[in-house]
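[1] after the sequence you'll find the predicted model.
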Amino acid sequence: MATKHAGRVAAHFVTTSKISCGNKCQYFFHSSNLQCQCTLLPRRWNYKDEADAYAVDAGFDEHQIPYDVLWLDIEHTDGKRYLTWDSRLFPNPIAMQEDIASRGRKMVTIVDPHVKRDSAYYIYKEASDNKYFVRKSDGTEFDGWCWPGASSYLDVTNPEVRSWWATQFTPDKYKGSTKHLYIWNDMNEPSVFNGPEITMQKDVLHYGDVEHRDIHNIFGYYYHLATAEALIHRGQEKELYGEHGDRPFVLSRAFFAGTQRVGPIWTGDNAAQWSHLAVSVPMLLTLGLTGLPFSGADVGGFFGNPDAELLTRWYQLGMYYPFFRGHAHLETQRREPWLFGEDTTRRIREAIRGRYALLPYIYTLFRHTNQTGIPLMRPLWFEFPDDTTLFATEEEFLLGPAIWVKPVLQAGASQVSVTLPAGAVWYEALAGKAIMPKAGRPMNTAVHMDAIPVFYRGGHIIPRRDRPRRSTAAMVNDPFTLVIALNKSGYAVGDLYLDDGRSFAFAEGQYMHRRFTFQNGVLTCDVMPQPTGTPPGTLTSKLQLERIIILGLPTNKSYTATVGSKSFSVLSGLGVDVRISQGDAVVINAAGLPIGSDWQLRVSEEVAAA
């Protein structure tokens, strides 16, 4: 676990000789800020110009595929000078950002740690004049080679340099930027093309005459931290962001203990290969267990050209990554979801919409991660520590405690083997069929191209928003659906966390956290208890439920649903997923039930008239 104190990192390590899991493994991580950008983030290196960016944005709307963030790589800059724009390719960056923001979306630009050595470039000149760059042993600036050519590197281990860097992202400094623009740090290990092992020489000097060999692993962390602090500083402009500021979003490739307090990371430059799809799961599980829960892998692979099947399977898995982004090399073929034929477009659309539907559940998981450090993506043994048959399983995982995911990792697969833990009830996520597995017996499950096997775990309640929209901003007033997956005792519990999604007001109690409990045929909605020291939630909301889907009740019976004297219509034998008309679910039309109020809904078998 790492904590931040006045510009230094205090890292506390746990020995690995013996860890007792007890009933459920509880780890030692903690993250201080709630930062969740968990929606689809399409990008490639690089959208050619403003017309290309507009066309991609319009393409998602034309094909009714939601997305939230459009990314720009190094080619958007003026000669690889970060915090600038190529005036030929992007002559109107403010208008472009405002137009995309008008549909509830944002943009991200890349900012790398190497600074082009050009005295006419204001960032270089000011940093050089103030001796803010990493030095050689003779006191001169270290000169490395990266994307701009000859480059100097900001010494972000120096608190004064970080404070200066934090002032460079306001609109008056970063010309052409708006409040809708966020940042991505790449190459911050740091990468030096002409250096040993493609990084800095070990004897170059940092703040306090510390050699690079002693701080290499924290250089990227400090650059990430400094950039995030810059966006926090920018967010203090009340006229733009309000009195509670703006949460930073800065993606980083390099990381260290404490990065979980700063922002998300990704697994780097992967390839469009089935093996890289497969290895993404244990990589992200490991990152989560080591205290870095907000991570993802590039969907589709960075290098190479995925065919329709691989790309589809990657979206179907990637929708469950904590960080969800499509990303491709400049020289790869275009791979927007609508370029592979109607069937592939439909399947990718359904996967991405499925991600958006689960955002209430995922955002609630981020709240728990924020408070406890427990990762979103969990290996099977994390939830089932007594089942030794699951210890070596790396290709399956749980998203939170309630959703079991089995990706399809081979081309042409017609079935996969799933080993669901015995003792629990599991429900197919599409139709709701109940499965009660026997201990240690793998289950062969047929697969098709429309979906991968996903199961809801009995005993849990999953909040969703099922209305398809173009972005999360368009969903903000939508009603919720509750999926109630009953265990053998007819019990289930879950929760829903809400805040404004952008500011730090939640830290002062401006949030809502509701608990849902189903027991003895009664669904109760009340306040979710909070950890000691957490301010009570004061946020009020007029948001409502839309549907309640119950799995585990006999569908050959009729039911009534009432809150006091008010009745709600109930249908049996429907699917869980909106695409499935028939299934094993009991569905209550719960329109009008308020999220923010306490109530009890009683579900009873309908008694036939004598």
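    Now that the structure is in, tell me what you want to look at.
[2] can you read off the pLDDT for Ala422?
    The model reports Ala422 with a pLDDT of 87.
[3] the one 4 residues further on now?
    Per-residue confidence for Trp426 comes out at a pLDDT of 97.
[4] please renumber the chain so that the first residue is 33 from this point on.
    That works, and once the first residue is 33, the last one we named lands at Trp458.
[5] since we're on it, how many residues are nearby?
    Neighbourhood size, Trp458 [other CB atoms under 10 Å]: 21. No exception for glycine: its C-beta is placed from N, CA and C like everyone else's.
[6] and if you look at Phe251?
    Phe251 has 25 nearby residues by other CB under 10 Å.
[7] which residues of the stretch 233-382 of the chain score low on pLDDT?
    Filtered on pLDDT under 70, the stretch 233-382 of the chain yields no residues whatsoever.
[8] can you pull out the strands in it?
    237-238, 242-243, 282-284, 297-298, 327-328, 330-331, 357-358 (DSSP state E, counting those that start in this stretch).
[9] next one: the stretch 433-582 of the chain
    435-437, 447-450, 458-460, 466-467, 475-478, 486-489, 492-496, 512-517, 524-530, 544-551, 554-559, 577-583.
[10] ok, and which of these has the densest surroundings?
    A comparison of these by mean neighbour count, using mean count of other CB atoms under 10 Å, puts strand 512-517 on top with a mean of 26.
[11] okay, now the sheet partners of that strand, with direction.
    strand 492-496 (antiparallel), strand 577-583 (parallel) (DSSP bridges).
[12] for Phe287, see how far away Tyr114 is.
    Tyr114 sits 20 Å away from Phe287, going by CB to CB, to the nearest Å.
[13] who are the packing partners of the longest helix belonging to the chain?
    If you go by DSSP state H, the chain has its longest helix at helix 244-266. Under the contact definition 3 or more CB pairs under 8 Å, 6 or more residues apart in numbering; DSSP states H and E, helix 244-266 sits against helix 191-197, strand 213-217, strand 237-238, strand 282-284.
[14] what residues sit buried inside that helix?
    244, 247-248, 250-266 (16 or more other CB atoms under 10 Å).
[15] can you show me the helices along the stretch 233-382 of the chain?
    244-266, 270-273, 306-321, 340-350, 374-389 (DSSP state H, counting those that start in this stretch).
[16] save the strands paired with strand 512-517 as CSV, and put in mean pLDDT too.
    Supplementary listing: those in CSV, determined by pLDDT from 0 to 100:
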stretch, mean pLDDT
strand 492-496, 98
strand 577-583, 97
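[17] got a markdown table for those, with distance to Pro567 too?
    A markdown table is the format used below for the strands paired with strand 512-517 (distance: least, CB to CB, whole Å):
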| stretch | distance to Pro567 |
| --- | --- |
| strand 492-496 | 22 |
| strand 577-583 | 26 |
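[18] tell me which helix or strand of this protein sits lowest on mean pLDDT?
    strand 34-37 (a mean of 36; mean pLDDT, DSSP states H and E).
[19] can you tell me which of the strands of the stretch 433-582 of the chain comes nearest to Trp306?
    Nearest to Trp306 among the strands of the stretch 433-582 of the chain is strand 447-450; the distance by CB to CB comes to 13.5 Å.
[20] export the closest one as PDB, just CAs?
    Taking C-alpha atoms only, strand 447-450 is exported to PDB below (Å, rounded to 0.1, in the frame of the first residue of the first chain):
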ATOM      1  CA  GLN A 447     -18.000 -24.800 -26.900                       C
ATOM      2  CA  VAL A 448     -16.000 -23.900 -23.800                       C
ATOM      3  CA  SER A 449     -15.500 -25.600 -20.500                       C
ATOM      4  CA  VAL A 450     -16.700 -23.800 -17.400                       C
END
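[21] okay, now the sheet partners of it, with direction.
    Pairing partners of strand 447-450, with direction, according to DSSP bridges: strand 475-478 (antiparallel).
[22] off-centre distance for the strand it pairs with?
    29 Å (CA atoms, centre = their mean, to the nearest Å).
[23] likewise for stretch 109-119?
    Centroid separation for stretch 109-119 versus its chain: 28 Å, with CA atoms, centre = their mean.
[24] pretty sure Ala617 contacts Ala466?
    No. Using CB atoms under 8 Å, Ala617 is not in contact with Ala466; the gap is 10.5 Å.
[25] list the residues that contact both of the two?
    Leu583 (CB atoms under 8 Å, 6 or more residues apart in numbering).
[26] circling back to that earlier point, out of the strands paired with strand 512-517, nearest to His545?
    Nearest of the strands paired with strand 512-517 (CB to CB): strand 492-496, 11.5 Å.
[27] outside of the closest one, which residues touch it?
    With CB under 8 Å, 6+ apart as the test, strand 492-496 has contacts from 389-390, 392-393, 396, 433-435, 488, 512-517, 524-528, 548-550.
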